[in-house]
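1. return a 3D structure for these sequence lines:
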Amino acid sequence: MLSSCFNAERKCQDYRTGTYEFETYLNGELVTSRFVRNDSIEIEEFQGDIDTSSVRWINDCEYILKNLYPDGMAEEKPIHIKILTTSQNGYTFEYGQVGDPRKARGEVRKVSSVN
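-> Numbers count the residues shown, from 1 in each chain. Purely as a prediction, here's the structure:
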């Protein structure tokens, strides 16, 4: 039986606060979202729109985002985020609506430690 000596790094405490960027493809175009998070609030700017969400930490590496000013039913559903691995420059995470078994993955780059 083979086992790996590799353990993914998870220094989640390093990512509770700061300024971050997340890139994703939307309709075939690479777009960037920027957000600032303190321990309990996250403010995101995406394509000129600003959203504010509450942050409720479940444990060191998992939290729930809830939009404080939703524009419709889809934005009312909280998002569960789980940090899978961390590095010096950011983290890889899994996310999805609370209660929905479907999950997606993404990578975030830390831009600044100062809020």
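2. now the helices for this protein?
-> Ranges of helices in the chain, per DSSP state H, are 73-76.
3. for it, give me the ranges with low pLDDT.
-> 1-9, 114-115 (pLDDT under 70).
4. not counting its neighbours along the chain, what's nearest the most centrally placed residue in the chain?
-> When CA atoms, centre = their mean is applied to the chain, the residue found nearest the centroid is I81 (5.9 Å). Nearest residue to I81, sequence neighbours excluded (CB to CB, 6 or more residues apart in numbering): Y95, at 4.7 Å. Quick note: C-beta positions are derived from backbone N, CA and C, even for glycine.
5. my guess is the one you found contacts L84. True?
-> No: with contact defined as CB atoms under 8 Å, Y95 does not count as touching L84 (10.3 Å).
6. now the common contact residues for those two.
-> Contact criterion CB atoms under 8 Å, 6 or more residues apart in numbering; residues shared by Y95 and L84: R105.
7. next one: the residue nearest to the centre of the chain from G28, what distance?
-> To G28, I81 is 25 Å away according to CB to CB, to the nearest Å.
8. try R34
-> 21 Å.
9. out of these two, which sits in the busier spot?
-> R34 (13 against 5; other CB atoms under 10 Å).
10. show me what that one is bridged to.
-> Counting by DSSP bridges, R34 forms beta bridges with E21, E45.
11. okay, strands next: where are they in the protein?
-> For the chain, the strands defined by DSSP state E cover 18-26, 29-37, 41-46, 49-59, 62-67, 79-86, 90-97, 104-112.
12. just put those in JSON lines and tack on distance to C12.
-> Shown next, in JSON lines, are these (distance: least, CB to CB, whole Å):
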{"stretch": "strand 18-26", "distance to C12": "12"}
{"stretch": "strand 29-37", "distance to C12": "12"}
{"stretch": "strand 41-46", "distance to C12": "15"}
{"stretch": "strand 49-59", "distance to C12": "8"}
{"stretch": "strand 62-67", "distance to C12": "8"}
{"stretch": "strand 79-86", "distance to C12": "5"}
{"stretch": "strand 90-97", "distance to C12": "8"}
{"stretch": "strand 104-112", "distance to C12": "12"}
